[in-house]
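Give me a model of this one.
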Amino acid sequence: MMLQSGLIVPPTMSRLLTAVDATWPAAALHEVGPWLIREGQGGGKRVSAATALGTVTEDDIPLAEAAHRKLGQTPLFWIRPGDEKLDALLEARGYRVVDPVHIRAAPVGSFPEPELMFSFPHWPPLAMACDIWRDTGIGPERQAVMMRPRGPSTCFIARSPEAVDRAAGTAFAAIDGDIAMIHAVEVLPKLRRQGSAHNMLRSAAWWAQQNGANWLALAVTQANEGAARLYASLNMGIVGQYHYRSA
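Residues are numbered from 1 along each chain as shown. Take a look at the predicted model:
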């Protein structure tokens, strides 16, 4: 954790993106010319996107497109800070912006103490956690991504204070160095707005601290206003952003 003029300075965007990759990994990585092509095997955009390994030109784009199609994937590019030229090239070819994302982060010590009675970590995921993910649209292919990180991993089960007799939500977290990333935060629709997600974030910060991380971070689509309010209430500020370009 860095200090600057008495303030805690969050990790750089480059470091955060490394943690995103490490804690939600692709099934395989393929270097094709100046590209890194992620093979997602149905695990979602983040694990199925291409990124530039260096300077690229318009003539390089068909190479990435062909590599995606060879893997059975729709051409998709992950546009990060510094990729402005690539972004313009793709826009000129008709690629549309998909899912602008904010990265939010906060020091693990800044979160309130968790109520472990209402949210607790466990690994591997209990069947009830897998069922909640399935019921909220995170199927087997995305759940398979959770088995790939090399660092410490866990998931959380939340119980609503208003419905303690059943599981209300679940989330996944993994650590890369001093950064814990939380992914797949889901609460059953009928049990939302009862504190379950808030409790899981607090539990994640506690677990991260117990496992040597200094930061808890996450990536969330900018359109998800409800999630943004939750994360802002826990002082998880916006520290970066990215988007995708899709064919």
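
what's P11 in contact with, if anything?
Contact partners of P11, counting by CB atoms under 8 Å, 6 or more residues apart in numbering, are 19, 105, 178-179, 215, 217, 239. Using the backbone N, CA and C atoms, a C-beta is placed for each residue, glycine as well.

Over to the residue nearest to Q73 when sequence neighbours are not counted. Which of the three states is it?
Ranked by CB to CB, 6 or more residues apart in numbering and with sequence neighbours excluded, the top spatial neighbour of Q73 is S48, at 5.3 Å. Classification of S48 by DSSP: H, G, I helix; E, B strand; the rest coil places it in coil.

my guess is S48 meets L36, correct?
No - checked against CB atoms under 8 Å, the pair S48 and L36 is beyond contact range at 12.0 Å.

Same drill for these two, tell me which one is more crowded.
Neighbour count, other CB atoms under 10 Å: between S48 and L36, S48 has more, with 24 against 18.

okay, the more buried one: pLDDT?
Looking at S48, its pLDDT is 98.

cool, I179 as well?
98.

Next up, the contacts around it.
Counting by CB under 8 Å, 6+ apart, I179 touches 11, 15-16, 19, 105, 213-215, 217.

Among those, which ones are in strands?
Among the contacts of I179, the members found in strands (DSSP state E) are 105, 215, 217.

so what's the last one closest to, chain neighbours aside?
By the measure of CB to CB, 6+ apart, the closest residue to A217 outside its immediate chain neighbours is A105, 3.8 Å from it.

How many residues are close by that neighbour?
24.

distance of it from I175?
13 Å (CB to CB, to the nearest Å).

pretty sure F118 contacts P161?
Yes - the pair F118 / P161 is scored as a contact, 6.1 Å apart, by CB under 8 Å.
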